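*Asks:* let's see this in three dimensions:
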Amino acid sequence: MRASATPVPSLSFTSLSPVAATPMLAMPASFPLAASDRLLSLVSEFRSLQEPIERVKRLLDYAAVLPAFEDSSRMDSNRVPGCTAQVWVDVGMDGQGRMRFWADSDSEIAKGFCSCLMDILDRAKPQEVMGMRAEELRVVNIGIVAHSRVNTWHHILVRMQSRTQELLNVPAMVTYLPR
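*Replies:* Numbers count the residues shown, from 1 in each chain. You can find the predicted model right below:
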């Protein structure tokens, strides 16, 4: 887990190549859209792309803007089980009780999945993270039919949720003041 929450830049139309007709909205951290609204925006963006190759290119655009991942976070406890590629997810919580995520992979496609999921769930409330279902992500069909790639969405989401649950189950530290 990270000691401090480093800001993850929001994706915006100007930060990515102009492949999609519907850009992701860049909102200030103080006014984040609900995760469900960010998911709808992502679905709309990918649906606007007619050809599978356009969707793959867009996913690679997302991979290109994935924030740097600290080498110290590349540990077994942050690995995403079930993925063919090596994928790591780290989690924290900011001062407003919103979830913070950092991720990386040795695969550009998996990096794109991580970036999309972070765009949806970073700065979301814990209950939004826990309420997201992998089925909701299937509509973001990028045209990759390999079974391992289709399951990547699911494995990364499940890892984000399990790490969120672990963080929420950590008992609060009690400070005893002298009398």
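*Asks:* mean confidence for the one helix or strand E45 maps to?
*Replies:* Here E45, judged by DSSP states H and E, is contained in helix 35-47. The average pLDDT for helix 35-47 rounds to 90.
*Asks:* go through that helix and flag the buried ones.
*Replies:* A35, R38, L39, S41, L42, V43, S44, E45, F46 (16 or more other C-beta atoms under 10 Å). Heads up, the C-betas are built off the backbone N, CA and C, glycines and all.
*Asks:* take the residues you listed and lay them out in TSV including distance to A103.
*Replies:* As requested, those are exported to TSV (distance: C-beta to C-beta, whole Å):
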residue	distance to A103
A35	16
R38	16
L39	17
S41	19
L42	16
V43	20
S44	23
E45	19
F46	19
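*Asks:* nearest to R138 among those residues?
*Replies:* R138 has its nearest neighbour among the buried residues of helix 35-47 in V43, at 10.0 Å by C-beta to C-beta.
*Asks:* quick one, the helix or strand hosting R100 and helix 35-47 angle?
*Replies:* Using DSSP H and E, R100 falls within strand 99-105. Using axes from the mean of the first three to the mean of the last three C-alpha atoms, to 10 degrees, the direction of strand 99-105 lies 30 degrees away from that of helix 35-47.
*Asks:* CA-only coordinates of the worst-scoring helix or strand of the chain on mean pLDDT in CSV, if you can.
*Replies:* Least confident helix or strand, the chain: helix 134-137 with a mean of 79, by mean pLDDT, DSSP states H and E. Only the C-alpha atoms of helix 134-137 are listed here, as CSV (Å, rounded to 0.1, in the frame of the first residue of the first chain):
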residue,chain,number,x,y,z
ALA,A,134,-17.7,-7.8,-14.5
GLU,A,135,-20.8,-8.2,-16.7
GLU,A,136,-21.1,-4.4,-16.9
LEU,A,137,-17.7,-4.4,-18.5
